[in-house]
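S.K.: 3D, please:
(2 chains)
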Amino acid sequence: MAASSQMTALIEVNGLSASYGRVAALKPVDLRVEEGEFVTILGPNGAGKTTLLRAVCRLIASNGQVRFKGQDITGLRTHHLAKLGIIMVQEGRGLFGEMTVYENLLLGAYGLGSRSEEVERRFEQVFGLFPRLRERADQFASSMSGGEQQMLAVGRALMAGPKLLILDEPSLGLAPKVAAGILDTLGELNRNGLGILLVEQKAPLALKLARRVYVLSSGSVRAELPAHEIKSHHDLARFYFQ
Amino acid sequence: MTSRASIFSKLGSYGYVAIAGAALIALLFAFVFIQGGYLLTVMQLAMIYGVFCVGLNFFMGYTGQASFGQNAFAAIGGYGTAILCVQFGWEPIPALFASMAVAGVASLLVGYPTLRLRGHYLAMATFALGLITYDLSVQWTSVTQGYMGYSGIPPLGIGPFTIEDERAKLVCLMLILLFGLWISGRLRNSRFGRALRAISTSELGASALGIRISRYKLAAFVIAALYASAAGSLFAHVVGFISPEVFGLQMVVVTFTMLYVGGVGTVLGPAVGAIVASLLPEVVRSTGRFQDIIYAVVLMLMLIYVPKGLSALANVGKKPAGQLEKEG
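M.R.: The predicted structure follows:
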């Protein structure tokens, strides 16, 4: 751990806090994701997981410091973070339902402007991972099944060429088999070097993929430990209620 | 035989209702064109309102923002072109473009602070803009001539060639509207248009993809103002007279009706809405003193049963893009 903390992290969060009105949803939190690392945040409902991700991506107002590859990005706005390569797949997928699959994917590559060769290359990469999206290219996003929509949400994020992919409960509302398929794809992306920060309720699935885990409860980090050290739900519950 | 089959196949991909609708509008134009008289004027005004609504659709439809003050920019267009032509002897076309430029700058100056507001607050701020402009057009008599307005505004034309024939005016306005629709369609399906539509669905989601929300909203607001200004100028040149009432609250209500009846957020909706909402009062006029009630009832029925607007009917009978399979 000591060696890794001396390296420049992909993203490093120090004392990040956020509140909704007078309610402190997130007490000062420290968090770190190394280059190519898969980190999972676990916690019960209302623990502040989504708030933490939103605060990192500047989707809500927050206090504290965020550094990306050593650069202080605390004051930057959300669209600047996207250009740096910090891409978030929001809870509920955040798709543009009245647009086609193709248009949603194109919006993912928004930052590329008119560099069509690179856009085409990314289309091929995404269609390679999710062949279903190629078949559905002309279909409205809102008319697809939950699993296909999640594929599209991840695919759109990949079109942006992320350096850090942040996902908020990608398995939400999906059948177990479909959820496992989505998370397997995330594992494959991580093995290819993509840094991933994942919030997930389905702890067993997430723990299979993650290297490190942060356990969040009541807006605070209760534990930071290697994923393999959590063997059962009892281990998690111990942290939740400590 | 093969080519005929392929033509029918291609037409089928547009949907039969869309083809029937296009044919109906074409027939309507032909009828008005042959009939002449008062209906020509009604259709001319429909074309002008259509231009206004196509612009409004950028801001309200594609971008999903509320503006009750676009009549202010139509007033800038109308008064700008009237003052330049009547008082300074400018040609109509340069006056129209100069007025558009003024409206564009004004929308930038007004939009930059105003568009920080959202939802009802933005709607109220833009509504105030429309009211202020109306008051200015009434009170600033040294420039606007108050309730007297401006008359003797020359018809559209270049040099000695002026469009004075009513049928020629209609054709000219129709071409301008088609040009406006073409730009709207091109932009809607461009990177710019996709960004606007993304903002309309989710500002946070769009921002998370790198889209600068405030810049795009401002751009849509300015485009809407340019169209509104052009519509105001066209009104001045076609009718030959303007007064504060032309650009008052009535204009806001009428254009909102047109936009929603036709289909907000669609390319053709604003034009369809402008034509239908302009002609409908003429259709129900025969009902005498009940005409306003019947007009309102028909509009309400349309909004209830075709909530996405008449242009959404174009999708009826269209070939589906793909089969839906639910899995999880």
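
S.K.: Quick one: the strands in chain A, in order.
M.R.: Using DSSP state E, the strands of chain A run over A:11-20, A:23-33, A:38-42, A:63-68, A:71-72, A:86-89, A:164-168, A:195-199, A:212-217, A:220-226.

S.K.: Of all those strands, which one is nearest B:Tyr121?
M.R.: strand A:11-20 (20.3 Å; Cβ to Cβ). C-beta here means a position set from N, CA and C on the backbone, and glycine is covered the same way.

S.K.: Would you mark the buried spots in the closest one?
M.R.: A:11-13, A:16-19 (16 or more other Cβ atoms under 10 Å in any protein chain shown).

S.K.: Could you dump those into CSV with distance to B:Val239 added?
M.R.: Converted to CSV, the buried residues of strand A:11-20 look like this (distance: Cβ to Cβ, whole Å):
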residue, distance to B:Val239
A:Ile11, 62
A:Glu12, 66
A:Val13, 63
A:Leu16, 61
A:Ser17, 61
A:Ala18, 57
A:Ser19, 57
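
S.K.: export the strands of chain A to a markdown table and tack on distance to chain B?
M.R.: Converted to a markdown table, these look like this (distance: least, Cβ to the nearest Cβ, whole Å):
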| stretch | distance to chain B |
| --- | --- |
| strand A:11-20 | 15 |
| strand A:23-33 | 16 |
| strand A:38-42 | 18 |
| strand A:63-68 | 15 |
| strand A:71-72 | 17 |
| strand A:86-89 | 5 |
| strand A:164-168 | 9 |
| strand A:195-199 | 14 |
| strand A:212-217 | 21 |
| strand A:220-226 | 24 |
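
S.K.: hey, which of the ones you listed is tucked in deepest?
M.R.: strand A:86-89 (a mean of 26; mean count of other Cβ atoms under 10 Å in any protein chain shown).

S.K.: Touching it from outside, list them.
M.R.: With contact meaning Cβ atoms under 8 Å, 6 or more residues apart in numbering or on different chains, strand A:86-89 is reached by A:11, A:53, A:56-57, A:59, A:68, A:73, A:153-154, A:156-157, A:160, A:162-168, A:170, B:208-209.

S.K.: Take the strands of chain A and write them to TSV, including mean pLDDT and distance to B:Ala230.
M.R.: What follows is these, written out as TSV (pLDDT from 0 to 100; distance: least, Cβ to Cβ, whole Å):
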stretch	mean pLDDT	distance to B:Ala230
strand A:11-20	94	45
strand A:23-33	93	49
strand A:38-42	95	53
strand A:63-68	94	46
strand A:71-72	93	46
strand A:86-89	94	40
strand A:164-168	95	45
strand A:195-199	95	49
strand A:212-217	92	55
strand A:220-226	90	58
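
S.K.: is it possible to export those to CSV including distance to B:Asp292?
M.R.: Formatted as CSV, the strands of chain A follow (distance: least, Cβ to Cβ, whole Å):
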stretch, distance to B:Asp292
strand A:11-20, 48
strand A:23-33, 52
strand A:38-42, 61
strand A:63-68, 58
strand A:71-72, 63
strand A:86-89, 52
strand A:164-168, 52
strand A:195-199, 56
strand A:212-217, 61
strand A:220-226, 64
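
S.K.: Would you mark the buried spots in stretch B:294-311?
M.R.: Neighbour counts over stretch B:294-311 (16+ other Cβ under 10 Å) mark B:294-295, B:298-299, B:302, B:306, B:309-311 as buried.

S.K.: CA-only coordinates of it, as CSV, when you get a sec.
M.R.: Taking C-alpha atoms only, stretch B:294-311 is exported to CSV below (Å, rounded to 0.1, in the frame of the first residue of the first chain):
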residue,chain,number,x,y,z
ILE,B,294,-65.3,25.3,-31.7
TYR,B,295,-61.7,26.5,-32.5
ALA,B,296,-60.7,26.0,-28.9
VAL,B,297,-62.4,22.6,-28.6
VAL,B,298,-60.7,21.3,-31.8
LEU,B,299,-57.3,22.5,-30.5
MET,B,300,-57.9,20.7,-27.2
LEU,B,301,-58.9,17.5,-28.9
MET,B,302,-55.8,17.6,-31.0
LEU,B,303,-53.6,18.1,-27.9
ILE,B,304,-55.4,15.3,-26.1
TYR,B,305,-55.4,12.7,-28.8
VAL,B,306,-52.2,13.7,-30.7
PRO,B,307,-50.1,15.0,-27.8
LYS,B,308,-46.9,14.8,-29.8
GLY,B,309,-48.4,16.9,-32.5
LEU,B,310,-49.8,16.3,-35.9
SER,B,311,-46.4,15.7,-37.5
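
S.K.: circling back to that earlier point, out of the buried residues of strand A:11-20, which is nearest to B:Ala26?
M.R.: Nearest to B:Ala26 among these, with distances taken as Cβ to Cβ, is A:Ala18, at 57.9 Å.

S.K.: ok, the closest one touching A:Thr50?
M.R.: No - in this structure, A:Ala18 is not within contact of A:Thr50 by Cβ atoms under 8 Å, at 10.5 Å.

S.K.: Packing partners of the lengthiest helix in chain A?
M.R.: In chain A, with assignment by DSSP state H, the single longest helix is helix A:176-191. Other elements packing on helix A:176-191 under the criterion 3 or more Cβ pairs under 8 Å, 6 or more residues apart in numbering or on different chains; DSSP states H and E are strand A:38-42, helix A:116-129, helix A:146-159, strand A:164-168, strand A:195-199, helix A:203-209.

S.K.: what lines up beside the first one in the sheet?
M.R.: Using DSSP bridges, the strands paired with strand A:38-42 are strand A:195-199 (parallel), strand A:212-217 (parallel).

S.K.: Distance from the chain centre to the first one, please.
M.R.: Centroid displacement of strand A:195-199 relative to its chain, using Cα atoms, centre = their mean, to the nearest Å, is 4 Å.

S.K.: quick one: contacts of it?
M.R.: Contacts for strand A:195-199 (Cβ under 8 Å, 6+ apart): A:10-11, A:33-41, A:49-50, A:52-53, A:56, A:163-170, A:186, A:189-190, A:206, A:209-210.

S.K.: cool, and the last one?
M.R.: Contact with strand A:212-217 is made by A:29, A:31, A:37, A:39-44, A:47-49, A:52, A:206-207, A:221-227, A:230, A:236, A:239-242, as judged by Cβ under 8 Å, 6+ apart.

S.K.: what about the residue in the stretch 101-250 of chain B that chain A sits nearest to, which SS state?
M.R.: Among all residues of the stretch 101-250 of chain B, B:Gly210 sits closest to chain A, at 3.5 Å; criterion: Cβ to the nearest Cβ. B:Gly210 carries the three-state label coil when classified by DSSP: H, G, I helix; E, B strand; the rest coil.

S.K.: pretty sure it is in contact with A:His79, am I right?
M.R.: Yes - here B:Gly210 reaches A:His79: they are 4.9 Å apart, a contact under Cβ under 8 Å.

S.K.: thinking A:Ile168 is in contact with A:Leu59, fair?
M.R.: For the record, residue A:168 is Asp, not Ile. No - in this structure, A:Asp168 is not within contact of A:Leu59 by Cβ under 8 Å, at 10.3 Å.
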